[in-house]
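Asks: coordinates for the following, if possible.
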Amino acid sequence: MAQAPGGPDCGWGNMLFKGQRGTPTHVLASTTNGTSGNATFGMTSGTNGCSTRDSLTYSGRSWFAMNGMMNELSEDMAKGQGEALTTYAVVLGVAPEDRAHFAAVTHEHFQQIFNKADVTADDVHAHTLEVLKNDPRLAKYATQA
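Replies: Numbering: from 1, shown residues only. You can find the predicted model right below:
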């Protein structure tokens with residue numbers, strides 16, 4: 001059986017808003033879980049209604065393919081830091097100890113990665129992998145992605 005991270009009942013947000021529907025309720029539940037870290041704690045301790053025994057699923061579009069995320073990623077990469085850039089590193093499997101280096105390298109090669117105004121998500125991904133392949137510390141992440 002596949003499920004959401006930690007399971008469908010994971011975290012205090014799910015407990016507080018149990019039985020309620022709608023986007024605002026889901027956002028509040030997610031925010032409650034995220035800001036207090038209780039879902040993460042629950043997944044590692046097996047408490048708070050959380051479990052990690054089942055497979056994860058995803059039925060939406062790729063986060064990277066969304067234009068809003070592309071814009072945010074390009075801004076973060078141009079600055080050399082930011083939430084979208086960190087998320088991209090996580091998606092690529094970059095270990096926490098290598099993320100600052102990833103940010104610095106992608107910042108340094110920003111023009112190569114975002115090489116035209118109408119660059120696509122697939123282009124950015126391919127260009128990023130090329131940059132990673134040429135960096136001794138990050139090359140291992142280019143083969144995992």
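
Asks: which residues of the chain fall in strands?
Replies: 2-3, 55-56 (DSSP state E).

Asks: worst mean pLDDT among those?
Replies: Here the lowest mean pLDDT among the strands of the chain goes to strand 2-3, at a mean of 46.

Asks: quick one: the most far-flung residue of the chain relative to its centre from Gly82, how far?
Replies: In the chain, counting by CA atoms, centre = their mean, Gly19 sits farthest out from the average C-alpha position, at 27.8 Å. Distance of Gly19 to Gly82, computed by CB to CB, to the nearest Å: 36 Å. In short, each C-beta sits where N, CA and C put it, glycine included.

Asks: may I see the domains of the chain written out as residue ranges?
Replies: 2-56, 63-144 (automatic domain parsing).

Asks: how far away from the center of its chain is the last one?
Replies: If I follow you right, that is domain 63-144. 12 Å (CA atoms, centre = their mean, to the nearest Å).

Asks: low-confidence ranges, this protein, go.
Replies: Residue ranges of the chain with pLDDT under 70: 1-8, 39, 42, 54-68, 144-145.

Asks: pull up the distance across stretch 101-118, start to finish.
Replies: 27 Å (CA to CA, to the nearest Å).

Asks: identify the residues contacting it?
Replies: 74, 77-81, 85-86, 89, 92, 94, 123-124, 127-128, 130-132, 135, 137-138, 141 (CB atoms under 8 Å, 6 or more residues apart in numbering).

Asks: give me the nearest residue to Lys79, chain neighbours excluded.
Replies: Distance criterion CB to CB, 6 or more residues apart in numbering; nearest residue to Lys79, sequence neighbours excluded, is His107 at 7.3 Å.

Asks: ok, that neighbour to Gly49 distance?
Replies: Distance from His107 to Gly49, by CB to CB: 40 Å.

Asks: Gln112 too?
Replies: Taken as CB to CB, the span from Gln112 to Gly49 is 46 Å.

Asks: could you do Val119 as well?
Replies: 42 Å.
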